[in-house]
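1. Compute the structure for the input listed below.
(one chain, ligands or ions: 3)
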Amino acid sequence: QLHTTFYANTCPNVSTIVRSIVQQALQSGPRISASLIRLHFHDCFVQGCDASILLDNSSTILSEKLAAPNVNSTRGFNVVDSIKTAVESACPGDVSCADILALAAQSSVSLSGGPSWNVPLGRRDSLTANQTGANTSIPSPFEGLSNITSKFAAVGLNTNDLVALLGAHTFGRAQCRTFRNRLYNFSGRGKPDSTLNTTYLTALQQICPQNGSGAALANLDTTTPDSFDNSYFTNLQKGQGLLQSDQELFSTSTGAATIALVNNFGSNQTAFFQCFVQSMINMGNISPLTGGNGEIRSDCKKVNGS
Ligand code: HEM
Ligand SMILES: [Ca+2]
Ligand SMILES: [Ca+2]
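-> Ligands and ions are numbered 1, 2, ... in the order given. From the prediction side, this is the model:
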C-alpha cells in the first residue's frame, strides 16, 4: 500500500525539491512537463510503476528506452537525474526513482495550470527492465479503441481512466510519423482521415509534407498547446484530435461510452480535473514494489552495484 505521508520522517521536503527542479527545467521551455508525465505513464504500463523505464542498456539490462514506443521519443531523463541528485543530497538513500517519476508527473501538471494533489508514495525500484513488455503493453496511436481499451484493462484501468488520462494530451508535442498516416492516404483509401477538421488538416499538412521529416513536431493540443486544461476534449468535438487514437474517443460508434465522457470533460473542466487526479492515482498504483522488494537505486539509470 502506498501512502501520501511515506517520506514524512525520512524526506519531508521531497515534493518541494521535485517541484523546484521541474520549475527550473520549465525556464528553458514549456515542453518538459509534458515529457515528464509521459515517462511515468510509460513506466507504469510495463512491470508497474517501478522506474524500469529509467534503466540504461547494459550487459544485463535490455533497456526499455530502446523499445519502439520510447526510442527517439521519450525525453526528460536528464531532468529526472537532476531531481535524483537534489533529492539524494537532502535525503541520501531514501527516495526511489519510481516515486520521483510520480512526483515529477504531479508537479508537471500543477505547474502547467492543472490540478494539484497529494501523491501516494512508497514505491521501490526494479532490478530488471522489460523491453518486450514495453513493445507490447504501451498502446500505439495507430491502434483501434478496442485494443487500447484492452491494454488499459490489462493494468486495471477502465474506460473512465482511459478518457481522463488521455486528457494529458492537452500539452506536449508529437512527431509527424505518429499521425501522418491520417493526412494523405488514410487506411490505403487515397484520402485523408474523414474525421479530421478540414482547416486543421491543411495546417497539419503544412507541418508534415508528404515526403518531409517524420520528426517534425506538432502540438498535441492545437488550442492551448502548453497549458493543462480541458481543451483536448473540446478539440475532439471539433475534429481536431491529433492522433488517430485521440480522435477515436469521440469519432467512434454512436452511443460509445467514450463520447459521453469527452462531452462531459469538454463542458466541465472541474469534472475533468477531478477524474484526472483519481485516474493518475489509479495509474500510479499499478503493481508497485513495496516492503522488501526491489531497492532504492542510487543512480536511476542503473541497478545498485552494477
Ligand atoms: C491510448 C493511449 C496513448 C497513446 C496511443 C499515446 C500516444 C502518444 C504519442 C504517439 C505521442 C507522441 C510521441 C512522439 O511523437 O514522439 C504521445 C505524446 C505524449 N503523451 Fe501519449 N499516448 C497515450 C496515452 C497517454 C497517457 C495516459 C498520458 C499521460 C497520462 C500521455 C501523455 C503524453 C504526453 C504529455 C505527450 C507529449 C510528450 C512530449 O511532448 O514530450 N499519453 N503520446
Ligand atoms: Ca515500469
Ligand atoms: Ca491545453
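2. How about the contacts made by the closest residue to ligand 2 within the stretch 101-250 of the chain?
-> Residue nearest to ligand 2 within the stretch 101-250 of the chain: S126 (6.4 Å; CB to the ion). Just so you know, the C-beta spots here come from the backbone N, C-alpha and C atoms, and that holds for glycine as well. Residues in contact with S126 (CB atoms under 8 Å, 6 or more residues apart in numbering) are 47, 50-52, 55, 98, 289, 294.
3. swap the cut-off to 6 Å and go again
-> Counting by CB atoms under 6 Å, 6 or more residues apart in numbering, S126 touches 50, 52, 294.
4. quick one: the last one and R124 touch, right?
-> Yes. Taking contact to mean CB atoms under 6 Å, the distance of 3.5 Å between G294 and R124 places them in contact.
5. Separate out the buried members of the contacts of S126.
-> 50, 52, 294 (16 or more other CB atoms under 10 Å).
6. that older thread, the residue of the stretch 101-250 of the chain closest to ligand 2 and E64, how far apart?
-> 10 Å (CB to CB, to the nearest Å).
7. Can you name the helix or strand that the residue lying farthest from the centre of the chain falls in?
-> Distance from the C-alpha centroid of the chain, by CA atoms, centre = their mean, peaks at G190 (32.1 Å). Under the criterion of DSSP states H and E, G190 resides outside all helices and strands.
8. Secondary structure class of the residue nearest in space to the middle of the chain, three-state.
-> Centroid-nearest residue in the chain: R38, 2.4 Å away (criterion: CA atoms, centre = their mean). Under DSSP: H, G, I helix; E, B strand; the rest coil, R38 falls in the helix class.
9. Renumber starting at 167 from here on
-> Yep, numbering from 167; the last one is R204 now.
10. Taking the stretch 167-316 of the chain, what residue is nearest to ligand 2?
-> S218 (3.5 Å).
11. Just to check, that residue is in contact with T298?
-> No. Contact between S218 and T298 fails when scored by CB under 6 Å: they sit 12.0 Å apart.
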